[in-house]
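# Generate a structure from the sequence data that follows.
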Amino acid sequence: MGDALADVLLGRAEPGGRLPVTIPVAEADCPVLHSVPDAGRLPYTEGLLIGYRGYDQAGKTPRFAFGHGLGYTTWEYLSAGAESTAVGPDGGVELTVVIRNTGCRRGREVVQAYVEPLTAEPGRPVRTLAAFAAATAEAGESAEVRLNVPARAFARYDEKARAWTWPPGDFAVRVGRSSGDLRLSVRVKSLFSRTEPGSPGRATPRAVPSAYPLRDVSEVGAD
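Numbering: from 1, shown residues only. Predicted coordinates for the structure are as follows:
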């Protein structure tokens with residue numbers, strides 16, 4: 001541990017960790033402040049809006065976002081595109097993201113993808129982490145990162161029906177360095193149409209309309 005820490009501090013190794021939590025600006029910003037059972041009961045009144053999901057829903061900017069991490073170089077996100085921008089029961093969305101090391105030394109970057117419905121869903125997070133992958137590039141070089149956003153990233157669990165559902169509709173798959181630094185976006189269409197009991201894996205698709213064209217876009221921008 002001591003040798004590894006010394007290597008990072010002296011620049012011989014690239015720090016590659018990313019935050020698995022969100023660090024708030026103030027305690028009052030935390031979406032969940034009370035987590036002590038009362039008389040043996042702890043109601044989860046926040047529902048799904050915990051961690052970065054709660055900050056996004058409340059519009060709070062944290063001090064350090066979920067997925068945040070630093071290194072000894074800088075990165076430019078050049079493009080993001082999908083082989084097919086329609087997601088159905090036979091697979092997810094295959095993304096290709098191109099990034100460039102704009103610093104003066106070799107570095108490692110963790111590219112993250114978040115699924116965001118274009119129409120807000122009551123009680124649901126604004127966006128959720130769906131995929132991530134790491135890439136290494138020398139100074140000035142570009143790297144191509146492949147991300148698989150699985151079909152289950154578009155599923156919802158219906159408590160009343162006790163089944164998984166895949167709502168059809170339009171989604172943005174937003175790509176960036178953390179939940180608070182999303183630089184690119186690819187629009188995709190869910191072709192699922194029915195409820196299916198059990199674990200999310202397959203569902204009956206609707207008739208497949210023409211898919212959106214492959215796009216390299218930066219229309220959403222950084223947070």
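
# which stretches of this protein form strands?
75-82, 86-87, 93-101, 107-117, 128-137, 142-149, 156-158, 163-165, 169-178, 181-190, 195-196 (DSSP state E).

# Could you point out which of these sits nearest residue 26?
strand 169-178 (19.4 Å; Cβ to Cβ). Placement of C-beta: from N, CA and C, glycine included.

# Kindly reformat the strands of the chain as JSON lines containing distance to residue 64, mean pLDDT and mean neighbour count.
JSON lines is the format used below for the strands of the chain (distance: least, Cβ to Cβ, whole Å; pLDDT from 0 to 100; neighbours: other Cβ atoms under 10 Å):
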{"stretch": "strand 75-82", "distance to residue 64": "17", "mean pLDDT": "97", "mean neighbour count": "19"}
{"stretch": "strand 86-87", "distance to residue 64": "31", "mean pLDDT": "82", "mean neighbour count": "22"}
{"stretch": "strand 93-101", "distance to residue 64": "21", "mean pLDDT": "96", "mean neighbour count": "21"}
{"stretch": "strand 107-117", "distance to residue 64": "14", "mean pLDDT": "96", "mean neighbour count": "22"}
{"stretch": "strand 128-137", "distance to residue 64": "16", "mean pLDDT": "96", "mean neighbour count": "17"}
{"stretch": "strand 142-149", "distance to residue 64": "23", "mean pLDDT": "96", "mean neighbour count": "17"}
{"stretch": "strand 156-158", "distance to residue 64": "29", "mean pLDDT": "85", "mean neighbour count": "13"}
{"stretch": "strand 163-165", "distance to residue 64": "33", "mean pLDDT": "85", "mean neighbour count": "17"}
{"stretch": "strand 169-178", "distance to residue 64": "8", "mean pLDDT": "95", "mean neighbour count": "22"}
{"stretch": "strand 181-190", "distance to residue 64": "11", "mean pLDDT": "94", "mean neighbour count": "22"}
{"stretch": "strand 195-196", "distance to residue 64": "38", "mean pLDDT": "54", "mean neighbour count": "17"}
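
# Next, format those strands as CSV and append distance to residue 52.
Below are the strands of the chain laid out as CSV (distance: least, Cβ to Cβ, whole Å):
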stretch, distance to residue 52
strand 75-82, 19
strand 86-87, 23
strand 93-101, 20
strand 107-117, 9
strand 128-137, 8
strand 142-149, 17
strand 156-158, 19
strand 163-165, 23
strand 169-178, 9
strand 181-190, 11
strand 195-196, 28
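
# between these, which gets nearest to residue 35?
strand 128-137 (21.3 Å).

# relative orientation of that closest one and strand 142-149 in degrees?
150 degrees (axes from the mean of the first three to the mean of the last three Cα atoms, to 10 degrees).

# what packs against strand 128-137?
strand 93-101, strand 107-117, strand 142-149 (3 or more Cβ pairs under 8 Å, 6 or more residues apart in numbering; DSSP states H and E).

# ok, and what's touching the shortest one?
So that's strand 142-149. 78, 87, 92-101, 109, 111, 113, 115, 130-137, 173, 175 (Cβ atoms under 8 Å, 6 or more residues apart in numbering).

# Neighbouring strands - and their directions - for that strand?
strand 93-101 (antiparallel) (DSSP bridges).

# Quick one: residues contacting residue 22.
So residue 22 contacts 51-52, 55, 62, 64-66, 179 (Cβ under 8 Å, 6+ apart).

# Lovely, talk soon.
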